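>>> got a structure for you, letters missing:
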């Protein structure tokens, strides 16, 4: 008879143990949507869910933003928001009870002050803000490309993947040239627009990505957890994909000699 035994064992970082190294997370500074007039920023789960993965795996995390200083989450992503849209997000709710996390949000580094050599990997946090603060941001493009060309895990999730529509390598080619990657899907944009009764974003990432030659933009079932690693480029589809993308980062770091 085939054995019924299954064992699962994985590392969980305990308080006081030495860290394995540092990971840089980058979020949008506060902005205002030109489409809706809403104050916008980062999506809570796209910071907290990967953060939990990194911390439990034994990595220290620093948080930077496009302008530095205090950052704000998109209101619908806040589990305490009156809308109740993210009330199920217990992980974010837990982090909001942490004084250390609150201080992290209040004191982000400005991305231009970051020394990439201090970090093992980079992870871009999504939200509505990146659609205005990430795309065309040459400083962020250069930082992300530096990580990628140094063969460090380079990750982006949801709307932060807008950076990849224009980011170019040192030889002038799009970073996503010949790559398979993902980001917020057309079907998900349509769902969000219908839910609020208006067009939310100035453009759709999937729509723009499919105009690019020699790249493969791929999406899964709307709002499922879906992440892709193509070499050291790691992308996640939307807010439910952050932990999966972070786990791919951790796997690459742990398999690096």
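That came through fine. The structure presented is a predicted model; accordingly, all values stated were derived computationally and were not measured. Residues are numbered from 1 along each chain as shown.
>>> what's the following helix or strand after the lowest-mean-pLDDT helix or strand in the chain?
Ranked by mean pLDDT, DSSP states H and E, the weakest helix or strand in the chain is helix 186-196, scoring a mean of 95. Per DSSP states H and E, helix 186-196 leads on to helix 205-209 as the next helix or strand towards the C-terminus.
>>> That next one: what's the following helix or strand?
Criterion used, DSSP H and E; the element after helix 205-209 is strand 216-217.
>>> circling back to that earlier point, can you name every helix or strand that the least confident helix or strand of the chain contacts?
Applying 3 or more Cβ pairs under 8 Å, 6 or more residues apart in numbering; DSSP states H and E, one finds that helix 186-196 contacts helix 205-209. All C-beta spots, glycine's among them, are computed from the backbone N, C-alpha and C.
>>> buried stuff in the helix it packs on?
205-206, 209 (16 or more other Cβ atoms under 10 Å).
>>> again, but for stretch 155-175
In stretch 155-175, counting by 16+ other Cβ under 10 Å, buried: 155-167, 174-175.
>>> ok, so of the residues you listed, who is nearest residue 249?
Set against residue 249, the nearest of the buried residues of stretch 155-175 by Cβ to Cβ is residue 155 (5.3 Å).
>>> Give me the secondary structure label for that closest one.
Put simply, residue 155 is strand when judged by DSSP: H, G, I helix; E, B strand; the rest coil.
>>> What distance do you get for it to residue 246?
The spacing between residue 155 and residue 246, counted by Cβ to Cβ, to the nearest Å, is 7 Å.
>>> what touches both of the two?
In terms of Cβ atoms under 8 Å, 6 or more residues apart in numbering, residue 155 and residue 246 are both contacted by the residues residue 123.
>>> For beta bridges, what are the partners of residue 235?
As for beta bridges, residue 235 partners with residue 156, residue 228 under DSSP bridges.
>>> And for it, the neighbour number?
Applying other Cβ atoms under 10 Å, we find 29 other residues in the vicinity of residue 235.
>>> Residue 72 too?
18.
>>> Could you tell me what pLDDT the model assigned to the spatially closest residue to residue 191 that is not a sequence neighbour?
Closest residue to residue 191 apart from its sequence neighbours, by Cβ to Cβ, 6 or more residues apart in numbering: residue 222 at 6.4 Å. Here the pLDDT value assigned to residue 222 is 97.
>>> For residue 222, which residues are in contact?
With contact taken as Cβ under 8 Å, 6+ apart, residue 222 is in contact with 185, 187-188, 191.
>>> Kindly report the same for residue 118.
Residue 118 neighbours (Cβ under 8 Å, 6+ apart): 22, 24, 62.
>>> again, only this time at 7 Å
residue 22 (Cβ atoms under 7 Å, 6 or more residues apart in numbering).
>>> just the one 4 residues further on next, same as before
Taking Cβ under 7 Å, 6+ apart as the criterion, residue 122 is in contact with 24, 26, 144, 147, 152, 154-155.
>>> Keep only those of these that are in strands.
Mapping the contacts of residue 122 onto strands (DSSP state E) picks out 24, 26, 154-155.
>>> Which one (most neighbours) among the contacts of residue 122?
Going by other Cβ under 10 Å, residue 155 tops these with 31 neighbours.
>>> Nearest spatial neighbour of that one, chain-adjacent residues omitted?
That would be residue 234: by Cβ to Cβ, 6+ apart, it lies 3.9 Å from residue 155.
>>> what do you get for residue 29?
Here the nearest residue to residue 29 in space, its sequence neighbours aside, is residue 67; by Cβ to Cβ, 6+ apart that works out to 3.9 Å.
>>> quick one, phi/psi of the one you found?
Main-chain torsions, residue 67, degrees, to the nearest 10: phi -120, psi -10.
>>> what's the pLDDT at it?
On the pLDDT scale, residue 67 gets 98.
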